[in-house]
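1. Next input, structure requested:
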Amino acid sequence: MTKPPVTIRKATADDDDALKAVEAVSWDSSSGFPSMREPKETFFNERVGPERYLLAIHDDRVVGYSRLMPKTPIPENAHVLGVFGLAVIPDARGLGVASALLEASADEARKQGCRKLSLQVFATNHAAQKLYAKHGYVVEGVAKDEFLIDGVYVDDIMLTKVL
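-> Have a look, this model is predicted:
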């Protein structure tokens, strides 16, 4: 039996509950900040609205997202788009969801006239590092002992992909 395909679409305000559900189950201490895992009243806010999100749909439900924002607010850096979060629910992992989101993120960056994508990943998130390398991301830097998570210092790895 063939698996249903993963489709990507832009988020709308109506996706708030679906994204809160993805957020609630997608992160652990190897991939996200424990202090940021408190349930949110609303997913979107004034700074980050639905227009910043690409959603992965599988089997008629939202199973992941990618949040895209300018790397910085200055015009000299406008050619760089940041991936400020890529999440996939556990039972959809291995279906190509993250790959589809990364490809769609690169396509969206190109549409916006960007020539580079940038993201950061915890050194403890080995699966994500492998995935990003497969998609052409390279290490540009490492912030040693950048975070203290569950009593352990964790490096923050900065990755980029030239489009």
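
2. Which elements pack onto the helix or strand bottoming out on mean pLDDT in the chain?
-> Least confident helix or strand of the chain, by mean pLDDT, DSSP states H and E, is helix 16-26 with a mean of 90. Packing partners of helix 16-26 (3 or more Cβ pairs under 8 Å, 6 or more residues apart in numbering; DSSP states H and E): strand 53-58, strand 61-70, strand 80-88. (Each C-beta comes from the backbone N, C-alpha and C, glycine too.)

3. quick one: buried residues of that helix?
-> Buried residues in helix 16-26, defined by neighbour count with 16 or more other Cβ atoms under 10 Å: 16, 18-19, 22-23, 26.

4. between it and strand 80-88, how many degrees?
-> With axes from the mean of the first three to the mean of the last three Cα atoms, to 10 degrees defining the directions, helix 16-26 sits at 80 degrees from strand 80-88.

5. Name the surrounding residues that touch helix 16-26.
-> 11, 32, 39-40, 42-44, 53, 55, 61-65, 87-90 (Cβ atoms under 8 Å, 6 or more residues apart in numbering).

6. Nearest to V142, out of the buried residues of helix 16-26: which one, please.
-> Set against V142, the nearest of the buried residues of helix 16-26 by Cβ to Cβ is S26 (24.0 Å).

7. By residue count, which helix of this structure is the longest?
-> helix 97-111 (DSSP state H).

8. A87 contacts G64, doesn't it?
-> Yes. A87 lies in contact with G64 (Cβ atoms under 8 Å); the separation is 5.7 Å.

9. who has more neighbours, the two?
-> G64 (25 against 21; other Cβ atoms under 10 Å).

10. so what's that one up against?
-> 22, 26, 55-56, 86-89, 92, 97-98, 101.

11. By pLDDT, rank those and give me the bottom one.
-> Taken together, those show their lowest pLDDT at S26, with 84.
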